[in-house]
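In: let me see the structure of the following:
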Amino acid sequence: MSFLSQGTSKQGVNQEKEAEKRRDVALTLRKGKKAEILKEKRRKETSSTSNQLAEQFGDGLDDRRTPEQMLEELPQCRQHLENGTYDQMLAAAMTIRKLLSVAEQPPIGQVIALGCVPYLVHLLRADQHTNLQFEAAWAITNVASGTQQDTNEVIEHNAIPEFVRLLGSPDPAVRDQVIWALGNIAGDCYMSRDVVLDAGALPPVLKIVESCLQGNQKLDMLRNATWCLSNFMRSKPVPSLEKVHSALPYLAVLLNNDDTDVVSDACWAMSYASDGPDDRIDSVLQSGQPAKVNVAARLAELLNNPEHALHSPALRTVGNIVSGSSDSTQMMIEAGVLPLLMNLLSSTRKVVKKECCWALSNIAAGTTPQVTALVASGVLSKLSDLMRQDVMEVRKEACFTVANVLSAKIPEQVVEVVNANCIEALVDVLRVAPNTKNSSIQDKALEAIDVILMIGAQFQEKVPEQFQDQWRERLIACGGLELIEALQSSMNSAIYIQAGKILGTYFGDMADDIDETGGINDEALLKDSNFQF
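Out: Take a look at the predicted model:
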């Protein structure tokens with residue numbers, strides 16, 4: 001391969017405990033459909049744009065070979081990569097690149113099995129032939145878009161140091177392709193991501209982003225660089241804040257970009273960066289200060305953006321932030337997220353409603369003024385509707401939010417919950433919950449009912465003639481008593497203990513009025529009341 005040095009370059013209640021609980025529950029929300037979240041890897045397929053780049057490097061558009069024909073030529077390509085002339089190596093790299101760019105089932109395994117990867121990595125060193133670098137980088141990018149084992153093949157043959165070096169290539173097409181490759185590798189898993197970060201990839205990518213923001217690069221470059229940054233942030237365990245902190249001010253600026261794809265990927269990156277302890281959340285909220293960007297306000301704007309693709313990453317980031325300290329939660333409330341979250345509860349997308357409820361439940365686990373603000377927003381009626389009519393995943397999150405509001409046992413807030421018809425909604429949750437394998441929703445619904453009945457008992461003791469025990473009677477009227485009685489037979493000890501506690505504490509005086517099935521014999525107990533305490 002001595003020719004590589006020749007030629008010329010081609011230019012081109014306990015509030016903390018409740019918040020911690022919600023962080024744990026949030027893990028279940030991370031398992032949504034891939035279509036709902038940013039895909040961590042992308043295979044570069046042949047398109048009009050990529051064809052133009054390939055033509056720039058001498059690849060004509062008249063190649064009429066089928067994938068099957070090119071696959072037959074693969075062994076010869078492997079030989080040419082090792083011992084061929086310049087033209088043979090270029091043709092071999094192009095063939096492999098085209099094979100790996102097919103839309104379905106690219107033959108990554110065959111390319112690896114024939115030993116092509118180390119020779120493609122060697123071509124990355126052909127600084128005098130950027131066309132070879134481009135073709136090799138594209139092929140390796142698509143190898144890394146496969147399985148974790150495929151990505152490891154690329155890592156083990158030392159492609160990452162070459163890619164990081166080529167981030168400084170004078171050719172923009174090579175730089176763009178290398179960014180794509182590093183994004184794919186980093187998106188594979190946390191171990192691959194850390195290898196990329198430890199190789200020093202972040203500073204030169206940020207330099208490219210800065211150049212793009214100054215108008216010196218094409219929009220496609222900025223899109224790819226932003227997506228690459230998001231993969232530098234993703235995967236569990238998250239990278240240390242020290243490793244990625246320098247990217248946050250750039251991401252804050254990118255949140256205000258005019259391009260939806262750039263904003264979406266920047267917001268996903270912020271969601272990964274804010275997923276963790278308070279110091280991470282604080283760093284995200286403060287990241288806009290150098291450029292005078294109010295990150296909290298911008299996230300609120302994205303919740304109200306007509307582009308639906310921005311709602312999920314914005315919701316995830318807001319949810320992470322309000323799971324932190326009371327100060328960070330207050331910043332989001334002051335940015336106006338409460339009415340925006342309530343609006344998004346009307347979305348037709350299940351994942352959006354789940355994330356909204358999750359964010360609201362974190363706020364409901366906040367300080368008393370924060371819970372009061374949530375209640376005052378009018379969101380309780382919407383949550384009540386969701387508990388009664390939506391799919392179980394959404395019902396569960398809505399139930400958790402209402403339970404968190406009630407956990408402080410503040411009478412005025414409990415009254416608002418009851419006036420939003422949440423007694424009937426909680427009973428509906430109990431009615432459908434046995435069809436799920438997760439008993440946590442039954443537990444939360446019982447906890448909420450317990451608080452309502454406890455505060456109702458206090459009102460009954462203080463103003464019996466006015467209150468007339470109506471909350472207990474509403475529970476009976478909608479079938480709640482029968483359901484709670486039946487839960488004494490639950491296989492879950494926490495559930496049957498909680499059910500027994502409610503029956504013993506609030507319905508002990510009615511033992512003679514309950515038949516063997518838990519039904520009510522005395523119809524006189526079912527009272528109608530319009531009392532709004």
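In: which parts of the stretch 301-450 of the chain are helices?
Out: Per DSSP state H, counting those that start in this stretch, the stretch 301-450 of the chain carries helices over the ranges 311-322, 326-334, 337-344, 350-364, 368-376, 379-389, 392-407, 411-419, 422-432, 440-462.
In: quick check: mean pLDDT of the fourth one?
Out: In this model, helix 350-364 has an average pLDDT of 96.
In: also stretch 318-338?
Out: In the prediction, stretch 318-338 has an average pLDDT of 97.
In: distance between the ends of it?
Out: Start-to-end span of stretch 318-338 (Cα to Cα, to the nearest Å) is 11 Å.
In: below-threshold pLDDT in this protein: ranges please.
Out: Along the chain, the parts satisfying pLDDT under 70 run over 1-62, 103, 434-438, 510-533.
In: if we can go back for a sec, mean neighbour count added to the helices of the stretch 301-450 of the chain, as CSV?
Out: Where you see a C-beta, it was placed from the backbone N, CA and C, and this is true even at glycine. Shown next, in CSV, are the helices of the stretch 301-450 of the chain (neighbours: other Cβ atoms under 10 Å):
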stretch, mean neighbour count
helix 311-322, 27
helix 326-334, 19
helix 337-344, 21
helix 350-364, 26
helix 368-376, 17
helix 379-389, 22
helix 392-407, 26
helix 411-419, 19
helix 422-432, 22
helix 440-462, 20
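In: I'd like those helices as a markdown table, with distance to residue 501 appended.
Out: Listed next are the helices of the stretch 301-450 of the chain as a markdown table, based on distance: least, Cβ to Cβ, whole Å:
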| stretch | distance to residue 501 |
| --- | --- |
| helix 311-322 | 31 |
| helix 326-334 | 31 |
| helix 337-344 | 33 |
| helix 350-364 | 23 |
| helix 368-376 | 25 |
| helix 379-389 | 22 |
| helix 392-407 | 16 |
| helix 411-419 | 18 |
| helix 422-432 | 15 |
| helix 440-462 | 7 |
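In: can you say which of those helices is nearest to residue 209?
Out: Among the helices of the stretch 301-450 of the chain, helix 311-322 comes nearest to residue 209, with 17.8 Å by Cβ to Cβ.
In: what is that closest one packed up against?
Out: Judged by 3 or more Cβ pairs under 8 Å, 6 or more residues apart in numbering; DSSP states H and E, the packing partners of helix 311-322 are helix 260-273, helix 278-286, helix 295-303, helix 326-334, helix 337-344, helix 350-364.
In: and the first one, what does it pack onto?
Out: Just to be clear, that refers to helix 260-273. helix 219-233, helix 248-254, helix 278-286, helix 295-303, helix 311-322.
In: make it 7 Å
Out: Here helix 260-273 touches helix 219-233, helix 248-254, helix 278-286, helix 311-322, going by 3 or more Cβ pairs under 7 Å, 6 or more residues apart in numbering; DSSP states H and E.
In: report the angle between it and helix 219-233.
Out: Counting by axes from the mean of the first three to the mean of the last three Cα atoms, to 10 degrees, helix 260-273 lies at 10 degrees to helix 219-233.
In: so how far is helix 260-273 from its chain's centroid?
Out: The chain centre lies 10 Å from the centre of helix 260-273; the measure is Cα atoms, centre = their mean, to the nearest Å.
In: then the longest one?
Out: In this view, helix 350-364 has its centroid 12 Å away from the chain centroid, taken as Cα atoms, centre = their mean.
In: what of the fourth one?
Out: Here helix 326-334 is found 21 Å from its chain centre; the criterion is Cα atoms, centre = their mean.
In: do the same with the shortest one
Out: Centre-to-centre, helix 337-344 and its host chain are 18 Å apart (Cα atoms, centre = their mean).
In: how about residues contacting it?
Out: 300, 303-304, 311, 318, 352, 356, 359-360, 373-374, 377-379, 382 (Cβ atoms under 7 Å, 6 or more residues apart in numbering).
In: just the third one next, same as before
Out: Helix 295-303 is contacted by residues 252, 255-256, 267, 284-285, 287-288, 310-311, 314-315, 317-318, 331-332, 335-337, 340, 344 when judged by Cβ under 7 Å, 6+ apart.
In: again, 8 Å this time
Out: Helix 295-303 is contacted by residues 252, 255-256, 263, 267, 270, 284-288, 310-311, 313-315, 317-318, 321, 331-332, 334-337, 340-341, 344 when judged by Cβ atoms under 8 Å, 6 or more residues apart in numbering.
In: output the helices and strands packed on helix 311-322 as a markdown table; include the columns distance to residue 409.
Out: Shown next, in a markdown table, are those (distance: least, Cβ to Cβ, whole Å):
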| stretch | distance to residue 409 |
| --- | --- |
| helix 260-273 | 33 |
| helix 278-286 | 26 |
| helix 295-303 | 30 |
| helix 326-334 | 19 |
| helix 337-344 | 22 |
| helix 350-364 | 13 |
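In: now residue 355. Nearest residue, chain neighbours left out?
Out: Distances taken as Cβ to Cβ, 6 or more residues apart in numbering place residue 315 nearest to residue 355, at 3.9 Å, with adjacent residues excluded.
In: can you check residue 196 too?
Out: Once flanking residues are discounted, residue 196 sits nearest to residue 186: 4.5 Å by Cβ to Cβ, 6+ apart.
In: surely the one you found and residue 202 touch.
Out: No: Residue 186 is beyond contact range of residue 202, at 9.9 Å (criterion: Cβ atoms under 8 Å).
In: what do the two both touch?
Out: residue 232.
In: show me which of the two is the more surrounded one.
Out: residue 186 (31 against 23; other Cβ atoms under 10 Å).
In: separation between that one and residue 351?
Out: 24 Å (Cβ to Cβ, to the nearest Å).
In: repeat that for residue 151.
Out: 27 Å.
In: again with residue 174
Out: Taken as Cβ to Cβ, the span from residue 174 to residue 351 is 37 Å.
In: what does residue 113 give?
Out: According to Cβ to Cβ, residue 113 stands 39 Å off from residue 351.
In: quick one, what contacts the residue nearest to residue 498 when sequence neighbours are not counted?
Out: Spatially, and ignoring its direct neighbours in sequence, residue 498 is nearest to residue 446 (4.5 Å; Cβ to Cβ, 6+ apart). Residue 446 sits next to 430, 484, 487, 495, 498, 499, 502 when contact means Cβ under 8 Å, 6+ apart.
In: restricted to helices, list those.
Out: Per DSSP state H, helices hold the following members of these: 430, 484, 495, 498, 499, 502.
In: residue 275 contacts residue 241, correct?
Out: No: in this structure residue 275 lies outside contact range of residue 241 using Cβ under 8 Å: 11.2 Å.
In: so who does the closest residue to residue 245 other than its chain neighbours touch?
Out: If the residues on either side of it in the chain are set aside, residue 245 comes closest to residue 283, at 6.3 Å by Cβ to Cβ, 6+ apart. Applying Cβ under 8 Å, 6+ apart to residue 283 gives the contacts 241, 245, 248, 273.
In: residue 477: which of those is nearest?
Out: Using Cβ to Cβ, the contacts of residue 283 come closest to residue 477 at residue 273, 49.3 Å.
In: and that closest one, how many residues sit next to it?
Out: 28.
In: which residues touch it?
Out: 233, 238, 241, 244, 247, 248, 251, 280, 283, 284.
In: from residue 269, how far off is residue 316?
Out: Counting by Cβ to Cβ, the gap from residue 316 to residue 269 is 11 Å.
In: run a quick check on residue 305 versus residue 312, I expect a contact.
Out: No: assessed by Cβ under 8 Å, residue 305 is found out of contact with residue 312, at 11.5 Å.
In: tell me, what's touching these two both at once?
Out: Listed as contacting both residue 305 and residue 312 by Cβ under 8 Å, 6+ apart is no residue at all.
In: ok so, going back, put the buried members of the contacts of residue 283 into a ChimeraX selection.
Out: To isolate the buried ones among those in ChimeraX, judged by 16 or more other Cβ atoms under 10 Å, type:
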select :241,245,248,273
